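# mind folding the following:
(chains A and B)
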Protein chains: 2
Amino acid sequence: MSNHSHEREEGLAFQPKFAADGLATCVTVDAHDGVVLMVAHMNAEALEKTLASGIVHYWSRSRGSLWRKGDTSGQVQMLVDLRVDCDQDALLARVLVGGDGGACHTGRRSCFYRRVERTEAGVKLVEIANT
Amino acid sequence: MSNHSHEREEGLAFQPKFAADGLATCVTVDAHDGVVLMVAHMNAEALEKTLASGIVHYWSRSRGSLWRKGDTSGQVQMLVDLRVDCDQDALLARVLVGGDGGACHTGRRSCFYRRVERTEAGVKLVEIANT
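Residues are numbered from 1 along each chain as shown, chains lettered A, B, ... in the order given. Have a look, this model is predicted:
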């Protein structure tokens, strides 16, 4: 391992690694119970605004704009803490959710409301209750 | 919303959306307690092998090869279930981990062992105990 990657993995300097598109993946979990609510992306500005305000901001790839989650839905995400993984290219946001407590634009609490099942007939999805 | 995206979000057909690089993000959590262990990537082959074998496979971007997690570390990930998010571009694998129960190549259980802290002096990382 190079000294550079050793420092990135074991050091205490924050050196987020954005992909070629300027984005890093952010996994967001409910701080109450650890349930994974959503996966989204942050660019440098979203990351800075999240840390500065304590309210989670993302970069919306579909809209091509900064996105303070909850501005229209009320599902504001108050940051409890933000973690970074070993190679600093993924973020984990632990949040408390405002509004109805959900995160998915479909109305469910979590975006991960379907399970992938493989049967002899092929692969299909099954909706999970209470997500 | 187009009919196509409505079907992708509400239907039960599995239509994973891979990025231009052929990869989808996979968040992996310990099925025992929901702790987020790691974030990695799957291409179509890794996804198919994961579903067919019940052992989680990823695509290693650093090595440019299919990667059955645990082959060298013993930290094999037995799939409990695989979930997909609303727009089907992110996966959530719930796993039971073999070996020492960890997932990170640094020796920690989770790759998310540091918290990002913003102070007046700047942003730094703090190691989290027992991750």
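
# off-centre distance for stretch A:69-83?
Here stretch A:69-83 is found 10 Å from its chain centre; the criterion is C-alpha atoms, centre = their mean, to the nearest Å.

# and that stretch, anywhere near chain B?
Yes: applying C-beta under 8 Å from any C-beta of the partner chain, one finds stretch A:69-83 in contact with chain B at A:81-83. Glycine gets a C-beta too; all of them are placed from N, C-alpha and C.

# burial count for A:Tyr58?
Using other C-beta atoms under 10 Å in any protein chain shown, A:Tyr58 is surrounded by 24 other residues.

# likewise the one 5 residues further on?
Close neighbours of A:Arg63, defined as other C-beta under 10 Å, add up to 8.

# please give the element, helix or strand, for it.
Using DSSP states H and E, A:Arg63 sits within no helix or strand.

# state the distance from it to A:Ser73.
Distance, A:Arg63 to A:Ser73, by C-beta to C-beta, to the nearest Å: 14 Å.

# repeat for A:Leu51
22 Å.

# does chain B sit close to the lowest-mean-pLDDT helix or strand in chain A?
In chain A, no helix or strand scores lower on mean pLDDT, DSSP states H and E than helix A:3-10, which sits at a mean of 87. Yes: under the criterion of C-beta under 8 Å from any C-beta, chain B is reached by helix A:3-10 at A:9-10.

# hmm, who's touching that helix?
Outside helix A:3-10, the residues that touch it by C-beta atoms under 8 Å, 6 or more residues apart in numbering or on different chains are A:1, A:13, A:15, A:17, A:86-88, B:106.

# can stretch A:28-41 be found next to chain B?
Yes: contact between stretch A:28-41 and chain B, assessed by C-beta under 8 Å from any C-beta, occurs at A:29, A:33-36, A:38-39.

# where do the helices sit along chain A?
For chain A, applying DSSP state H gives helices covering A:3-10, A:44-53.

# dump those to TSV, plus mean neighbour count.
Putting the helices of chain A into TSV (neighbours: other C-beta atoms under 10 Å in any protein chain shown) gives the following:
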stretch	mean neighbour count
helix A:3-10	13
helix A:44-53	17
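
# would you mind putting the ones you listed into TSV with distance to B:Leu92 alongside?
Listed next are the helices of chain A as TSV, based on distance: least, C-beta to C-beta, whole Å:
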stretch	distance to B:Leu92
helix A:3-10	24
helix A:44-53	22
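
# which parts of chain A are strands?
Here chain A has its strands, by DSSP state E, at A:24-30, A:36-42, A:57-60, A:65-68, A:77-84, A:90-97, A:114-119, A:122-127.

# out of the ones you listed, nearest to B:Glu117?
Comparison of the strands of chain A against B:Glu117 by C-beta to C-beta identifies strand A:77-84 as nearest, at 8.5 Å.

# just the C-alphas of that closest one, formatted as PDB.
Written as PDB, here are the backbone C-alpha positions of strand A:77-84 (Å, rounded to 0.1, in the frame of the first residue of the first chain):
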ATOM      1  CA  GLN A  77     -32.700  15.000   7.700                       C
ATOM      2  CA  MET A  78     -31.000  16.400  10.800                       C
ATOM      3  CA  LEU A  79     -27.500  15.100  10.900                       C
ATOM      4  CA  VAL A  80     -26.400  13.100  14.000                       C
ATOM      5  CA  ASP A  81     -23.100  12.200  12.600                       C
ATOM      6  CA  LEU A  82     -21.400  11.700   9.200                       C
ATOM      7  CA  ARG A  83     -18.900   8.900   8.800                       C
ATOM      8  CA  VAL A  84     -16.500   8.100   6.000                       C
END
